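Sequence and predicted structure below; questions after.
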Amino acid sequence: MAPVSALVLPSSLSPVVAQLEPASGGLLAYLGTFVVVTIFYGLTLHIAARYVLGDVSVRQAFRVAPILALFSIVLQQAGPAITAGVSVVVAYTLIYVIYDLSHRLTAFVTVIYYTVALLFGLVIYNLVFLIGQAPG
């Protein structure tokens, strides 16, 4: 599957994609992406876990987040379907192990986590897009 930058995109969307994909930036871009994605995954997982489980430690979320970030970056060139599928399985497994939950509760936390991550991701994406469209 072709990377996102190889797809034909409307001219208004090209600057946004260029800001979100580290493939052309080298090692520093990958490291920066890893840190930002780890923080994003950690915060969204912690929000989801608090919503479902109540009072939980933020450390548990940040034990899961770097592994998810690593999988996302490594599988970036494989395409969104493979990356999403593998990420869901890895997230479910890590949440099950680190939070020590039943399978049913783990599935619920995982669904809420991806819902929160999707909502926050859309908000951030739209903010980047709007800022990119600002005059001057």
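In hand now; what should we look at?

I'd like the distance between Leu130 and Val123.
From Leu130 across to Val123, the span is 11 Å (CB to CB, to the nearest Å). (C-beta placed from N, C-alpha, C; glycine too.)

tell me the phi and psi of Leu118?
Dihedral pair for Leu118: phi -60, psi -50, per degrees, to the nearest 10.

now the helices: where do they sit in the protein?
Here the chain has its helices, by DSSP state H, at 14-20, 27-53, 58-74, 80-99, 103-133.

ok now the last one, how far from the chain's centre?
Taking the mean of its C-alpha atoms, helix 103-133 sits 8 Å from the chain's own mean (CA atoms, centre = their mean, to the nearest Å).

Go through that helix and flag the buried ones.
For helix 103-133, the neighbour count (16 or more other CB atoms under 10 Å) marks Thr106, Phe108, Val109, Thr110, Ile112, Tyr113, Tyr114, Val116, Ala117 as buried.

For the first one, give me its contacts.
For Thr106, the contacting residues are Tyr92, Ile95, Tyr96, Tyr99, taking CB atoms under 8 Å, 6 or more residues apart in numbering as the criterion.

make it 10 Å
Contact analysis of Thr106 by CB atoms under 10 Å, 6 or more residues apart in numbering lists Val52, Ala91, Tyr92, Thr93, Leu94, Ile95, Tyr96, Val97, Tyr99, Asp100.
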